[in-house]
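S.K.: Just need the structure, nothing else, for what follows:
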Amino acid sequence: MPRVRPAAPALADRSLLRLIWLASPALPVGGFSYSEGLEAAVDSGRVRDQASAAAWIGDQLALALGRADLSVVARAFGAWKRADIARVTELNDWVRTTRESREMRQQAEQMGRSLHDWLRQRQPADPRVAVLGGLSPAPTWPIAYALAAVHSGAPLREALLAHSFGWAENMVQAAIKSVPLGQSAGQRMLGTLLDAIPAVVDQAIARPDSERQAFTPMLAILSAQHEAQYSRLFRS
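M.R.: Residues are numbered from 1 along each chain as shown. This next block holds a predicted model:
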């Protein structure tokens, strides 16, 4: 008999709304200003239409976000709950040192600092927020998001689903602007990504540290090229 996942308890209204808030493009962390190499892929001709954009973003979801950031968020979520600062620091260092280009690292650090500022205004009494701000040389986005997710009160899996959706929405909007594509094409791409996200999240939760990886050579090359690209809309 196939194993059936038991139904998850319904999220409390406050937790659900906080997750929607974290996933929103309106969150003031600047995620909308990054294409994560997609703009360079368009410039090089690798992405040129809806089909190639969907394939590119889908591969990035499975091979980059799922194997690295989502796995880090999953581990950091538990570490923040336990107030395990040594583990948080280790994970933050891993994110920084495995970013494969300068602009990838700058994105992780800028968004991490911005989310820390947002948390500092809303959770000033939590000593973990001060720890986040003190991470050297900067808190990174996955580590900051994990603490924000803990504050939402939502379970880990739901927090990762929200993280993935926010990322997917930003990437689709980047494709709409840079390919360019129409809004209907963007909605079709987003629907395909939503179908793929749950399995990627489950794999990230189950992935041990020994299997976590940040290895996307072509994405790294395109990101490095994007740093000197003549004309561009995005910061990465």
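S.K.: I figured residue 135 hits residue 90, correct?
M.R.: No - using Cβ atoms under 8 Å, residue 135 is not in contact with residue 90; the gap is 10.8 Å. Every residue, glycine included, has its C-beta placed from N, CA and C.
S.K.: Looking at the two, which is more packed in?
M.R.: More crowded of residue 135 and residue 90, by other Cβ atoms under 10 Å: residue 135, with 22 against 14.
S.K.: How much space separates that one from residue 144?
M.R.: As defined by Cβ to Cβ, to the nearest Å, residue 135 lies at a distance of 9 Å from residue 144.
S.K.: Likewise for residue 42?
M.R.: Separation of residue 42 from residue 144 (Cβ to Cβ): 29 Å.
S.K.: Give me the more crowded residue out of those two.
M.R.: The neighbour count for residue 42 versus residue 144, taken as other Cβ under 10 Å, is higher for residue 144 (29 against 24).
S.K.: OK, contacts around that one?
M.R.: 111-112, 115-116, 119, 132 (Cβ atoms under 8 Å, 6 or more residues apart in numbering).
S.K.: Same question for residue 12.
M.R.: Residue 12 neighbours (Cβ under 8 Å, 6+ apart): residue 153.
S.K.: Following element in sequence after the host helix or strand of residue 186, please.
M.R.: Using DSSP states H and E, the element containing residue 186 is helix 183-206. Remark: after helix 183-206, the chain's next helix or strand is helix 217-226, criterion DSSP H and E.
S.K.: hang on, the earlier thing: what is the nearest of the contacts of residue 144 to residue 97?
M.R.: Nearest to residue 97, judged by Cβ to Cβ, of these is residue 112 at 14.3 Å.
S.K.: ok, the closest residue to the closest one other than its chain neighbours - how many residues close by?
M.R.: Of all residues beyond its chain neighbours, the one nearest residue 112 is residue 139 (4.0 Å), with distances taken as Cβ to Cβ, 6 or more residues apart in numbering. Look at residue 139: counted by other Cβ under 10 Å, it has 29 neighbours.
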